[in-house]
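Enquirer: Any chance you could fold what I've pasted below:
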Amino acid sequence: MICGHHNNRFLFALMLCLPAQALAGVWAGEDSSPEAGQIQASEVFFPSGSHSPSLLISEETDGLTLTAGEFKSAFDCVPLNVEEGDTCSLFSGEPEIWSRSSLTNELFGLQAPLAEQGIGYQAYFTQFYQGVATGGQEQKFGYGGKVDQFLTLESSRLGLWEGTIVSLHAETRYGQASNFDAVGLAPVNANMLYPASEPVTSITGLTISQMLSEEWMVSVGTFNQLDLFAQLYPQTGRGIDGFMNMSALAPLSLSRPLNLSMLGAGITKLNAGRVQGALSVFNTANAATNSSFNQLFENGAVILGYYRIFTNFGDLPGSHALLGVYSSGTYTSVDPTTWVILPPLGVVPGQETGTWSLTYFYEKKLWIDPHDSRRNLDLLTSWGISDGNPSPISWAGNVAVQGTGLNRSRPQDAVGVSYFHTSLSSDFRQLASPVLTLRDVNGVELYYNAAVTPWFHLTPDLQIVTPADRSLNTAIVVGLRGKITL
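Expert: Here you go, the predicted model:
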């Protein structure tokens with residue numbers, strides 16, 4: 001513990017860092033008469049769900065003014081401003097396992113020192129138990145999981161040149177998923193699409209970015225498309241925090257020209273650290289399990305353009321955005337895609353050169369707690385159209401409402417409800433007509449993300465989806481997701 005020069009600061013620091021049991025006697029009034037120079041708390045209370053008392057500080061002693069604040073744990077010893085230009089740094093030891101932010105206590109205390117040296121590392125272990133209770137393709141349940149590891153290197157903190165960032169995302173997939181059992185044209189577990197449909201470990205994202213200024217950045221490498229989408233709209237959660245169904249995250253009209261991961265390069269415009277615009281060129285081949293260098297532009301290229309306008313109506317932030325994608329590749333409407341599972345038709349249609357899609361995104365905070373911005377309610381909706389051939393989907397859309405911390409006593413819990421629709425193209429329906437009678441896909445999803453601890457979130461999830469195949473009954477898919485921040 002490193003403090004200033006006054007004994008009262010030391011006594012106060014010691015009071016904060018004592019275990020809750022030791023503090024309880026003092027706060028309860030046992031021998032609570034203050035000694036000379038000692039600081040008293042004006043109010044002591046036990047917030048719901050806490051593991052130790054909270055201390056509200058608002059006293060003034062010996063002309064020393066303490067910054068008012070709330071300490072939610074006996075271990076919550078943060079740097080405390082005791083007077084202008086003087087800071088007291090406190091350390092009380094390792095946090096309790098139930099209150100720490102990650103299971104390994106930030107990689108056994110190494111994360112912060114490594115980050116200061118330009119090395120960032122974060123890992124998540126997510127488990128899924130999910131299945132089709134009724135309807136769909138097949139009624140069964142399965143267990144599977146993912147380990148996501150993120151590594152970031154910053155050149156300036158590494159003692160090199162300014163502005164270069166290297167980002168790596170490695171994924172390990174094991175076990176089973178229900179994507180083939182429920183509704184293939186609305187995959188019920190988006191995250192388990194990566195890196196492939198079988199157990200595998202792969203680097204699904206590896207990019208090198210160079211800041212040209214505070215507003216412009218150029219990047220090259222393998223781009224994980226789900227990561228890119230989560231950077232634009234963090235509330236979507238990559239399928240491990242928010243909604244699980246791919247259709248609830250983004251319109252599937254995007255599925256023909258885009259793959260899970262793609263080799264490419266692009267330039268990005270930033271606005272106060274947020275992506276406002278981007279222009280990128282990608283190889284058409286999927287790079288989720290291989291580099292795809294041996295297929296570089298064999299089937300043309302994909303051009304992606306994105307631009308967003310930020311709004312702040314009613315002091316509530318939001319944005320409007322357009323995403324356009326064009327591919328010069330040659331496809332058929334039954335060619336496999338990495339985002340959706342098309343029904344087997346047993347026919348070979350003619351090839352088409354070139355495919356496109358256009359998507360509109362709208363997001364808006366509906367409510368923000370004026371005292372805690374982490375408690376909020378937001379709307380996200382997106383609607384897209386495509387050529388309809390070679391894309392099997394003519395248009396698709398979704399609308400979702402998600403809330404975080406709606407219950408003040410559960411500030412880290414989140415809840416969401418979404419509706420999605422996918423309209424199959426008339427060409428694809430006609431092509432399938434000798435084999436299958438197809439209809440549009442409609443579905444809803446509801447989840448509740450409960451923070452058991454700050455590092456362990458448990459999410460029950462319910463999906464009700466009408467399959468494209470008219471011979472199949474409406475699928476009711478239930479699941480349980482557990483995410484551990486390692």
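Enquirer: How about the contacts made by residue 285?
Expert: By C-beta atoms under 8 Å, 6 or more residues apart in numbering, the residues touching residue 285 are 259, 262, 263, 292, 295, 296, 298, 299. For glycine as for every other residue, the C-beta is placed from the backbone atoms N, C-alpha and C.
Enquirer: check contacts around the fifth one.
Expert: Taking C-beta under 8 Å, 6+ apart, we find residue 295 in contact with 283, 284, 285.
Enquirer: What residues are bridge-paired with the first one?
Expert: What that stands for is residue 283. Judged by DSSP bridges, the bridge partners of residue 283 are residue 301.
Enquirer: per the record, what domains does the chain have?
Expert: As assigned by automatic domain parsing, the chain contains the domains 7-88, 105-485.
Enquirer: I'd like the ones you listed written out as CSV, with mean pLDDT added.
Expert: CSV is the format used below for these (pLDDT from 0 to 100):
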stretch, mean pLDDT
domain 7-88, 36
domain 105-485, 95
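Enquirer: can you redo the ones you listed as TSV with distance to residue 96?
Expert: Shown next, in TSV, are the domains of the chain (distance: least, C-beta to C-beta, whole Å):
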stretch	distance to residue 96
domain 7-88	6
domain 105-485	10
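Enquirer: Can you check which of those gets nearest to residue 99?
Expert: domain 7-88 (5.6 Å; C-beta to C-beta).
Enquirer: Where do the strands of the stretch 101-250 of the chain begin and end?
Expert: Remark: strands assigned in the stretch 101-250 of the chain by DSSP state E, counting those that start in this stretch are 119-134, 141-154, 164-175, 200-211, 216-224.
Enquirer: a markdown table please, covering these and showing mean neighbour count and distance to residue 183.
Expert: Putting the strands of the stretch 101-250 of the chain into a markdown table (neighbours: other C-beta atoms under 10 Å; distance: least, C-beta to C-beta, whole Å) gives the following:
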| stretch | mean neighbour count | distance to residue 183 |
| --- | --- | --- |
| strand 119-134 | 18 | 9 |
| strand 141-154 | 18 | 15 |
| strand 164-175 | 18 | 20 |
| strand 200-211 | 18 | 24 |
| strand 216-224 | 19 | 24 |
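Enquirer: Surely residue 444 and residue 461 touch.
Expert: No: Residue 444 is beyond contact range of residue 461, at 11.5 Å (criterion: C-beta atoms under 8 Å).
Enquirer: So if I had to pick from these two, which one is more boxed in?
Expert: residue 461 (23 against 15; other C-beta atoms under 10 Å).
Enquirer: So what are the sheet partners of the strand or helix carrying that one and their directions?
Expert: If you go by DSSP states H and E, residue 461 is part of strand 456-466. Taking DSSP bridges as the criterion, strand 456-466 forms sheet pairs with strand 441-453 (antiparallel), strand 475-485 (antiparallel).
Enquirer: buried stuff in the longest one?
Expert: If you call a residue buried by 16 or more other C-beta atoms under 10 Å, then strand 441-453 has these buried ones: 441, 442, 443, 445, 447, 449, 451, 453.
Enquirer: What lies in contact with it?
Expert: Identification of contacts with strand 441-453 by C-beta under 8 Å, 6+ apart yields 97-100, 183, 185-186, 241-245, 247-248, 410, 412-422, 424, 457-468.
Enquirer: List only those of those residues flagged as buried.
Expert: 99-100, 183, 185-186, 241-245, 247-248, 413-422, 424, 457, 459, 461, 463, 465-468.
Enquirer: Pull the distance from the host helix or strand of residue 306 to the chain's centre.
Expert: Using DSSP H and E, residue 306 falls within strand 301-311. A distance of 20 Å separates the centroid of the chain from that of strand 301-311, by C-alpha atoms, centre = their mean, to the nearest Å.
Enquirer: What is it packed up against?
Expert: strand 261-271, strand 274-283, strand 318-331 (3 or more C-beta pairs under 8 Å, 6 or more residues apart in numbering; DSSP states H and E).
Enquirer: can we see that at 6 Å?
Expert: strand 274-283, strand 318-331 (3 or more C-beta pairs under 6 Å, 6 or more residues apart in numbering; DSSP states H and E).
Enquirer: Near residue 162, how many other residues are there?
Expert: Residues near residue 162, counting by other C-beta under 10 Å: 9.
Enquirer: follow-up on the earlier one: just the domains of the chain: most buried one?
Expert: Highest mean neighbour count among the domains of the chain (mean count of other C-beta atoms under 10 Å): domain 105-485, with a mean of 18.
Enquirer: That domain: end-to-end distance?
Expert: From its first residue to its last, domain 105-485 covers 10 Å (C-alpha to C-alpha, to the nearest Å).
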